[in-house]
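K.L.:
Got a predicted structure here, sequence first:
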Amino acid sequence: MLAPWLEAEGARDRVDEWSRLTGLDLVRLGSEASAEEIQDTAIAQPLIVALALLAFERLDREVEVPAGAPVAGHSVGELAAAAVAGVLSPADAVALAAVRGAEMAKACEAEPTGMAAVMLGEPERVVDWLAEHGLTAANRNGAGQIVASGAAGAIERIVAEPLEGTKVRALKVAGAFHTEYMASAEAALREHVAGITPADPTRPLLSNADGAVVTSGAEYLDRLVRQVTRSVRWDLTMRGLATLGATATVELPPAGTLTGLVKRELKGTVTSAVALKTPAALDSVRDLVAPGEDTQ
């Protein structure tokens, strides 16, 4: 997934720099490694952030992105969003993603946990039902999707006996992300970010915590740390985009999932949504964002 983005001038040098910072060969991992190898969350997280930022660098160079366009990320994508909005440098964002991934992987080894996608159902009823099973609604994604997170046994039970009117599917993940099972990872991140001086956002930056625009870089960085043990409210984040008047979205790679959620949840509000999977999709973004057009 990284290979086509490495062809731009300076791109490989940029990724080589990030590889040195993380201790990971991101070029090989993003262009030659097997799917099984990069599913390791310690690898997947820095690779995802590196890919998103490499693509944004090219997007920003080749397309006139409106200065006031809001930016948001989902889970680890918030680190990339922080860099896009100028809160973190790209290098700091990728390095932080590597720490986040490694520490969350360690936390997953402590005890058997997991996650499952719950489709359909009334959201609040689903959340209450999960709580009855000792599970957390880790991702409230909108568009009829909630991701449950918690003890492996409880995940197995809800997969075997779904709430009436819902469909439940176990997810292939390392453990219970966005729950208190990740407390040790949050503590490690808190220690790491003590050496980072964030800047205030240069464009509207939405938070997964509540969908609100955060104007303080220090507050956003604090939210990034706390996020690993708290629910991702992508439903509220999409609502925040709508409140800001967004009528079009561009999803940085690896792209597709969030674009699908936006199309379903904000149907009639967002009229164009581009999943920027490869550089070839930049033409679609150019058509979407005409120079001088006041588009968000």
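P.N.:
Arrived safely, thanks for sending.

K.L.:
So for the lengthiest helix in the chain, what gets flagged as buried?
P.N.:
In the chain, with assignment by DSSP state H, the single longest helix is helix 41-62. Across helix 41-62, burial judged by 16 or more other C-beta atoms under 10 Å covers 41-59. Every residue, glycine included, has its C-beta placed from N, CA and C.

K.L.:
tell me what that helix is packed against?
P.N.:
Contact here means 3 or more C-beta pairs under 8 Å, 6 or more residues apart in numbering; DSSP states H and E; on that basis helix 41-62 packs against helix 11-22, helix 26-31, helix 35-38, helix 77-84, helix 90-108, helix 282-288.

K.L.:
Mind doing that once more with 10 Å?
P.N.:
helix 11-22, helix 26-31, helix 35-38, helix 77-84, helix 90-108, strand 248-251, helix 282-288 (3 or more C-beta pairs under 10 Å, 6 or more residues apart in numbering; DSSP states H and E).

K.L.:
Could you identify which of those is most buried?
P.N.:
helix 77-84 (a mean of 27; mean count of other C-beta atoms under 10 Å).

K.L.:
export that one as PDB, just CAs?
P.N.:
Taking Å, rounded to 0.1, in the frame of the first residue of the first chain, the C-alpha atoms of helix 77-84 are listed here in PDB:
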ATOM      1  CA  GLY A  77      -5.800   8.300  12.600                       C
ATOM      2  CA  GLU A  78      -6.000  11.100  15.100                       C
ATOM      3  CA  LEU A  79      -2.200  11.100  15.200                       C
ATOM      4  CA  ALA A  80      -2.100  11.700  11.500                       C
ATOM      5  CA  ALA A  81      -4.800  14.400  11.800                       C
ATOM      6  CA  ALA A  82      -2.700  16.100  14.500                       C
ATOM      7  CA  ALA A  83       0.200  16.400  12.000                       C
ATOM      8  CA  VAL A  84      -2.100  17.600   9.200                       C
END
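
K.L.:
now it: how far from the chain's centre is it?
P.N.:
8 Å (C-alpha atoms, centre = their mean, to the nearest Å).

K.L.:
got the angle between it and helix 41-62?
P.N.:
30 degrees (axes from the mean of the first three to the mean of the last three C-alpha atoms, to 10 degrees).

K.L.:
pLDDT averaged over helix 77-84 - what is it?
P.N.:
Mean pLDDT, helix 77-84: 98.

K.L.:
which strands and helices sit next to it?
P.N.:
Checking 3+ C-beta pairs under 10 Å, 6+ apart, helix 77-84 ends up next to helix 41-62, helix 90-108, helix 217-226, helix 234-243.

K.L.:
can you tell me which residues contact the closest residue to Gly211 other than its chain neighbours?
P.N.:
Nearest non-adjacent residue to Gly211, counting by C-beta to C-beta, 6 or more residues apart in numbering: Leu236, 3.1 Å away. If a contact means C-beta atoms under 10 Å, 6 or more residues apart in numbering, then Leu236 has Arg140, Gly142, Leu206, Ser207, Asn208, Ala209, Asp210, Gly211, Ala212, Thr243 as its contacts.

K.L.:
Look at Ala67 and report its pLDDT.
P.N.:
85.

K.L.:
what's around it, how many residues?
P.N.:
Ala67 is flanked by 7 other residues according to other C-beta atoms under 10 Å.

K.L.:
ok, and Ala137, which helix or strand is that part of?
P.N.:
For Ala137, the host element (DSSP states H and E) is strand 136-142.

K.L.:
Next, the angle helix 234-243 makes with that strand.
P.N.:
Using the same axes, to 10 degrees: strand 136-142 against helix 234-243 is 30 degrees.

K.L.:
Give me the average confidence score over strand 136-142.
P.N.:
According to the model, strand 136-142 has a mean pLDDT of 97.

K.L.:
and what of stretch 5-14?
P.N.:
On average, stretch 5-14 scores 94.
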